[in-house]
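>>> structure here, sequence nowhere to be found:
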């Protein structure tokens, strides 16, 4: 009985899941580097593959796990703000690309939402599912707030964010090779626009310019999505 009580205590203590989450991510980083930074073996992918079976075996609901690691989500905000550093270092370069940046932001940001909604509509998805998909390309803190404002399901929206980030970071480099995209600025902006923070992590490996443009794309996309999406949904 004491053993059962101990297990129950360990599995319900937030510190346990914080330590596990950080540990599996570290394992992901090690495996990623050991495999020559293979695009399909992103650290976050490895972390998910390890932690999901643990949660299932421990019978821990996602809501409980999410609440336990809430402090990690809190630090997403400061981490996002810290991305302003590469922007500042490349401010002159960014100014020189102002018009292409704004055009790409509008066209790319609109297309990434409409294309996803179109696929869900064809598959007969419900309205709330489609609403949850609209925030798939913005970073987690903005997604949670925006999803609540537009009547979407925050947990489902976060799931779409994770999947989008993983797909973009995993296959982005492969797509760049197929399309023969050579400019780091273009690669970074595309990764940040589509795959948010996970895309930025991938862009950092490409170079400083790619990281700066990825951070810029994620920031602008997040701001415009948070402001415009609730207004557009309200009219519809």
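Great, that's in hand. Fair warning: this is a prediction, and the values are worked out from it, not measured in the lab.

>>> what's the domain layout of this structure?
With domains defined by automatic domain parsing, the chain comprises 1-74, 75-236.

>>> dump those domains to a markdown table, plus mean neighbour count and mean pLDDT.
Where you see a C-beta, it was placed from the backbone N, CA and C, and this is true even at glycine. As requested, those are arranged in a markdown table below (neighbours: other CB atoms under 10 Å; pLDDT from 0 to 100):
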| stretch | mean neighbour count | mean pLDDT |
| --- | --- | --- |
| domain 1-74 | 14 | 80 |
| domain 75-236 | 18 | 83 |
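
>>> list phi and psi for residue 136.
phi -70, psi -20 (degrees, to the nearest 10).

>>> could you measure from it over to residue 167?
Distance, residue 136 to residue 167, using CB to CB, to the nearest Å: 10 Å.

>>> and what of residue 193?
Taking CB to CB, one finds residue 193 at 14 Å from residue 167.

>>> same deal with residue 235?
Distance from residue 235 to residue 167, by CB to CB: 30 Å.

>>> what are the ranges of the helices in this protein?
2-12, 14-34, 43-58, 62-68, 70-74, 76-82, 84-89, 91-96, 98-122, 127-133, 140-150, 154-179, 184-206, 208-235 (DSSP state H).

>>> from what I can see residue 117 touches residue 134, true?
Yes - with contacts counted by CB atoms under 8 Å, residue 117 reaches residue 134, the gap being 6.9 Å.

>>> please list all residues in contact with the closest residue to residue 175 other than its chain neighbours.
Spatial nearest neighbour of residue 175, chain neighbours left out: residue 181 (8.0 Å); criterion: CB to CB, 6 or more residues apart in numbering. When contacts are counted by CB atoms under 8 Å, 6 or more residues apart in numbering, residue 181 touches 175, 187, 190.

>>> for residue 218, which non-adjacent residue is spatially closest?
Nearest residue to residue 218, sequence neighbours excluded (CB to CB, 6+ apart): residue 192, at 4.2 Å.

>>> now residue 50
Using CB to CB, 6+ apart, the closest residue to residue 50 is residue 24 (4.3 Å).

>>> next one: residue 150
Take residue 150 and drop its neighbours on the chain: the residue closest to it by CB to CB, 6+ apart is residue 233, 4.6 Å away.

>>> likewise for residue 199?
Spatial nearest neighbour of residue 199, chain neighbours left out: residue 191 (3.4 Å); criterion: CB to CB, 6+ apart.

>>> next up, the contacts around the one you found.
Residue 191 sits next to 168, 169, 172, 199, 200, 202, 203, 210, 214, 217 when contact means CB under 8 Å, 6+ apart.

>>> show me what contacts the last one?
Which is residue 217. Residue 217 sits next to 105, 188, 189, 190, 191, 192, 193 when contact means CB under 8 Å, 6+ apart.

>>> ok, the fourth one next?
For residue 199, the residues meeting the contact criterion (CB under 8 Å, 6+ apart) are 165, 168, 169, 172, 190, 191, 192, 193, 214, 218.

>>> dump those residues to TSV, plus distance to residue 99.
Formatted as TSV, those follow (distance: CB to CB, whole Å):
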residue	distance to residue 99
165	28
168	24
169	28
172	24
190	17
191	21
192	18
193	16
214	19
218	20
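
>>> from these, pick the one nearest residue 145.
Of all these, residue 145 sits closest to residue 218, with 15.3 Å by CB to CB.
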